[in-house]
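**Q** Curious how this folds, go ahead:
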Amino acid sequence: MLDEQTQYEIALTLLPNIGDITVRMLVSYCGSAKAVFQAPKEKLLKIPGIGDKTATGLLNGKTEALRRAEGIIKQAQELHVKTLFYTHPDFPERLKAIPDAPVLLYLRGNANLNTRRMISIVGTRNATSYGQAVTERIVEELKPYGVSIVSGLAYGIDIYAHRAALQAGLHTIGVMATGADTVYPAAHKKYAERMLTQGGVLTENTFGTKPDAPRFPERNRIIAGLGDCTIVVEGAIKGGALITADIAHSYDREVMAVPGNITSSVSEGTNYLIKTLKAVAYTSVQDLVELLNWDLEDSGVYKPARAASAAFDPADYNADEVKVLNQLLQSKEELIDNLSWKTQIPVNQLSSILLSLEFKGVVRQMPGKKFMLTL
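**A** All right, here's what the predicted structure looks like:
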């Protein structure tokens, strides 16, 4: 059976000259993917950032996009692939916090993308025996914490992390630069199949997508965005692992690196990250536990600094107002468009909510359509 809402959501990502940011803008102002397709040109042109070329392309391309989306849905059903638009409740919340997140994901497997603890482990394809041993040790030490392990299914450190997670009974998620119907490299297909019942494989690319070089850095941003912390085991100074670490650092996520032999080329990157203070040295699981406050969380001592209950009484506000306040507690300040995306509240409705919160004295508007809490 064809899900009409899903068809419109997928079709929106297939339109020419419309990227992820524009998709979120369109949905924020129109209210849903279907409403975007039904909007007249005059309404589309009133949306910030939507010019004549984009509006015309949308109107001229929507029939073909909907046809292609129908085919994608049928293929997803055949391959047991779940499509997750960014408004879907199973879409990873961690990705909603990053500005360049994909708006559509394809998932094979039983992974919970919003599990409590998620760690990304990355490294060079040219891993040494030391790198393999350290990766296996890290995963084994994480076993008591019920962590999900994220990596990129590549040769070297990536596949060592996935294999170790499977061995330890942990869920593991392979983020791919291909479509969900293609495992690359093909030699890792047997591991990917095992992961389907103990995690899964995840991609933003539609079926049939080949592993072209530009797609790997794009994939890396998902790996970095999913992890509460990214651990780099081994990596060359200009390798993909360091790109992932830099992305995680830009997202204000924790980064750790395993110190390595100073004469080894695959330790240049990790030692550089530590030396430049872009990463904390990983020497044992206790370093990670203390960095992320897991020890305090598990003992009941740690309370998040921005706990909503400490700032306001939810009983004093309606459900949508609580959503807005909680988001502003996390990010301190937000543009209205970003706030709309993260709360899943259409911009026109959000404007009224923000005005109400301003009257109540808990939100203040700043220049540039930014909003912040006054609590």
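
**Q** in the stretch 151-300 of the chain, which spans are helices?
**A** 157-168, 189-195, 215-226, 240-250, 268-275, 285-291, 294-299 (DSSP state H, counting those that start in this stretch).

**Q** and of the ones you listed, who's closest to residue 316?
**A** With Cβ to Cβ, the closest approach to residue 316 among those belongs to helix 294-299: 27.7 Å. Any C-beta I mention is one placed from the backbone N, CA and C, and that applies to glycine too.

**Q** Closest to the centroid, which residue in this protein?
**A** The centroid of the chain falls nearest to residue 95 when counting by Cα atoms, centre = their mean (2.8 Å).

**Q** show me what contacts residue 361?
**A** If you count contacts by Cβ atoms under 8 Å, 6 or more residues apart in numbering, residue 361 has them with residue 374.

**Q** so how far is residue 369 from it?
**A** Computed as Cβ to Cβ, to the nearest Å, the residue 361 to residue 369 distance reads 20 Å.

**Q** Repeat that for residue 253.
**A** According to Cβ to Cβ, residue 253 and residue 369 sit 27 Å apart.

**Q** go on, residue 93?
**A** 24 Å.

**Q** cool, residue 38 as well?
**A** Applying Cβ to Cβ to residue 38 and residue 369 gives a distance of 26 Å.

**Q** How about residue 213?
**A** Residue 213 is 38 Å from residue 369, by Cβ to Cβ.

**Q** Over to residue 353?
**A** For residue 353, the distance to residue 369 - Cβ to Cβ - is 14 Å.

**Q** who's more crowded, those two?
**A** residue 353 (20 against 16; other Cβ atoms under 10 Å).

**Q** pretty sure residue 82 belongs to a strand, no?
**A** Yes - counting by DSSP: H, G, I helix; E, B strand; the rest coil, one finds residue 82 located in a strand.

**Q** Could you check what's spatially nearest to it, not counting adjacent residues?
**A** Once flanking residues are discounted, residue 82 sits nearest to residue 107: 4.6 Å by Cβ to Cβ, 6 or more residues apart in numbering.

**Q** three-state assignment of that neighbour?
**A** Looking at residue 107 with three-state DSSP, the answer is strand.

**Q** so what's it up against?
**A** For residue 107, the contacting residues are 81-84, 113, 180, 200-202, by Cβ under 8 Å, 6+ apart.

**Q** Emit the PyMOL select command for whichever of the residues you listed are buried.
**A** Buried subset of the contacts of residue 107, written as a PyMOL selection, criterion 16 or more other Cβ atoms under 10 Å:
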select buried, resi 81+82+83+84+113+180+200+201+202
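
**Q** Distance to residue 230 added to the contacts of residue 107, as JSON lines?
**A** Output for those, formatted as JSON lines (distance: Cβ to Cβ, whole Å):
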{"residue": "81", "distance to residue 230": "26"}
{"residue": "82", "distance to residue 230": "25"}
{"residue": "83", "distance to residue 230": "26"}
{"residue": "84", "distance to residue 230": "22"}
{"residue": "113", "distance to residue 230": "16"}
{"residue": "180", "distance to residue 230": "23"}
{"residue": "200", "distance to residue 230": "19"}
{"residue": "201", "distance to residue 230": "19"}
{"residue": "202", "distance to residue 230": "16"}
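
**Q** And the contacts of residue 107, which is closest to residue 330?
**A** residue 113 (18.3 Å).

**Q** I'd assumed that closest one was in a helix, is it?
**A** No - counting by three-state DSSP, residue 113 falls outside a helix, being coil.

**Q** That one is in contact with residue 91, isn't it?
**A** Yes - between residue 113 and residue 91 there is a contact under Cβ atoms under 8 Å: 7.2 Å.

**Q** joint contacts of the two?
**A** Among the neighbours of residue 113, those also in contact with residue 91 (Cβ under 8 Å, 6+ apart) are 84, 105.

**Q** Report the separation between residue 86 and residue 273.
**A** Residue 86 is 30 Å from residue 273, by Cβ to Cβ.

**Q** Neighbour count for those two, which is higher?
**A** Between residue 86 and residue 273, residue 273 has the larger neighbour count (other Cβ under 10 Å), namely 26 against 21.

**Q** Enumerate every residue touching the nearest residue to residue 255 once chain neighbours are set aside.
**A** Once flanking residues are discounted, residue 255 sits nearest to residue 279: 4.3 Å by Cβ to Cβ, 6+ apart. By Cβ under 8 Å, 6+ apart, residue 279 lies in contact with 232, 245, 249, 255-257, 270, 273.

**Q** Can you tell me which one of those residues sits lowest on pLDDT?
**A** Checking pLDDT across the contacts of residue 279, the minimum falls on residue 249 at 92.

**Q** next one: phi and psi at the nearest residue to residue 70 once chain neighbours are set aside?
**A** If the residues on either side of it in the chain are set aside, residue 70 comes closest to residue 7, at 6.0 Å by Cβ to Cβ, 6+ apart. Phi and psi for residue 7, reported as degrees, to the nearest 10, are phi -60, psi -50.
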